[in-house]
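> Prediction below, plus the sequence it came from.
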Amino acid sequence: MPNATFAVNMEKYAEIDGVKVHYTVEGEGKPLILMHGWGCNTTTLASVEKVALESHKVYNIDFPGHGKSQEPGEVWGIERYTRVLEEIINREGIERPSLLGHSFGGRVGILYSSRHDDVDKLILVDAAGIKPRRSMKYYVKVYSYKAWKRLLYMSLGREKAEKKLDAYRSKVGSSDYAQASPMMRAILSKVVNEDLKSVMPSIKAETLLVWGENDTATPLSDAKYMEKHIPNAGLVSFPGCGHYSFLDNPYQFAAVLRSFLNS
């Protein structure tokens with residue numbers, strides 16, 4: 001199917017790499033693109049969008065496999081998701097965009113901004129992008145699982161083994177993993193192991209890091225690493241807030257966002 005873009009009111013769909021991608025466009029002013037976290041969609045960032053619309057034209061993307069966007073037909077990594085952002089920017093004719101990425105969306109913002117000097121401002125909210133540190137317990141668990149998986153394949157055959165493994169992964173995996181389809185589980189496993197530390201020094205955009213100090217998914221230590229290695233970055237952290245700091249402390253978040261966007 002050829003690439004195509006069509007719109008219904010402020011909702012748009014773009015065919016990108018064979019996947020129908022949904023996004024919304026609203027407001028007037030400088031462009032700001034919102035990118036949600038894993039397992040979320042455009043509505044998750046509704047409160048952020050409301051604040052941004054005071055001064056900006058806002059593009060809000062449903063990443064493939066989320067919201068109203070189609071699921072990829074193969075295992076995508078962060079490169080393919082970044083291509084989705086690039087395609088939307090090109091098709092919409094967006095110049096000097098600001099980017100706001102929460103969690104997984106932060107990964108896309110980091111990689112895109114490291115390659116494009118025309119990003120005006122980058123806002124990373126409890127962003128992913130640093131490969132988690134693994135304990136010895138983790139590696140024992142992983143290699144034990146691999147051995148068990150091999151044994152199941154030998155004793156039950158591929159089809160029965162996969163059903164048993166799927167049930168196990170759903171039970172012991174993260175909530176994001178457990179709720180995902182088999183394809184999205186494979187994609188999640190791929191992207192969480194992609195480390196973006198090496199590209200952070202290439203980001204030229206003025207960067208705001210907003211973090212919940214109690215974030216356990218992407219800990220505050222990640223934010224401090226980013227602040228140190230992204231050349232023009234500053235960090236604002238909220239005590240008592242977790243991985244969704246913009247929801248845990250909406251009023252302070254709104255004040256910080258307004259200040260940064262309009263500075």
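Ah, there it is.

> what about the strands in this structure?
5-8, 11-16, 19-26, 30-35, 56-61, 98-102, 121-125, 206-212, 233-238 (DSSP state E).

> Of all those, which one is nearest residue 248?
strand 206-212 (6.0 Å; Cβ to Cβ). Just so you know, the C-beta spots here come from the backbone N, C-alpha and C atoms, and that holds for glycine as well.

> Give me the pLDDT for the spatially closest residue to residue 195 that is not a sequence neighbour.
Among residues not flanking residue 195 along the chain, residue 131 sits closest, at 3.9 Å (Cβ to Cβ, 6 or more residues apart in numbering). We have a pLDDT of 90 for residue 131.

> same deal with residue 19?
The model's pLDDT for residue 19 equals 97.

> do residue 161 as well
73.

> got the contact list for residue 210?
Contacts of residue 210 were listed using Cβ atoms under 8 Å, 6 or more residues apart in numbering, and they are 123-126, 235-238, 245-246, 253, 256-257.

> coming back round to it: right, and the strands of the chain - which one's nearest residue 67?
Residue 67 sits nearest to strand 19-26 of all the strands of the chain, at 6.0 Å, using Cβ to Cβ.

> Enumerate the positions of the closest one that are buried.
For strand 19-26, burial by neighbour count (16 or more other Cβ atoms under 10 Å) applies to 19, 21-25.

> now it and strand 30-35, what's the angle there?
140 degrees (axes from the mean of the first three to the mean of the last three Cα atoms, to 10 degrees).

> can you give me the helices in the stretch 1-150 of the chain?
Along the stretch 1-150 of the chain, counting by DSSP state H, counting those that start in this stretch, helices occupy 46-52, 78-92, 104-115, 136-156.

> Quick check: beta-bridge partners of the nearest residue to residue 109 once chain neighbours are set aside?
Distance criterion Cβ to Cβ, 6+ apart; nearest residue to residue 109, sequence neighbours excluded, is residue 101 at 3.5 Å. Beta-bridge partners for residue 101, by DSSP bridges, are residue 35, residue 124.

> Count the neighbours of residue 101 for me.
29 (other Cβ atoms under 10 Å).

> mind checking how far it is from residue 18?
In this view, residue 101 and residue 18 are 24 Å apart by Cβ to Cβ, to the nearest Å.

> and if you look at residue 133?
In terms of Cβ to Cβ, residue 133 sits 36 Å off from residue 18.

> the more surrounded of these two?
With neighbours defined as other Cβ under 10 Å, residue 133 and residue 18 compare such that residue 18 has more, 12 against 8.

> sorry, back to before: return the most buried member of the helices of the stretch 1-150 of the chain.
The highest average neighbour count among these, using mean count of other Cβ atoms under 10 Å, belongs to helix 104-115 at a mean of 25.

> Now for the residue nearest to residue 195: which residues touch it?
192-195, 197.

> Who are the contact partners of residue 11?
Here residue 11 is in contact with 22-24, 68 (Cβ under 8 Å, 6+ apart).

> For residue 15, grab the count of nearby residues.
16.

> which non-adjacent residue is nearest residue 227?
In space, residue 227 is closest to residue 235, 4.5 Å off (Cβ to Cβ, 6+ apart).

> my guess is the one you found meets residue 228, correct?
No. Judged on Cβ atoms under 8 Å, residue 235 makes no contact with residue 228 at a distance of 9.6 Å.

> who has more neighbours, the two?
With neighbours defined as other Cβ under 10 Å, residue 235 and residue 228 compare such that residue 235 has more, 16 against 12.

> For residue 26, see how far away the more buried one is.
Where residue 26 is concerned, residue 235 sits at a distance of 29 Å (Cβ to Cβ).

> and what of residue 238?
Distance from residue 238 to residue 26, by Cβ to Cβ: 27 Å.

> Residue 118 too?
Taken as Cβ to Cβ, the span from residue 118 to residue 26 is 22 Å.

> Same question for residue 96.
Applying Cβ to Cβ to residue 96 and residue 26 gives a distance of 19 Å.
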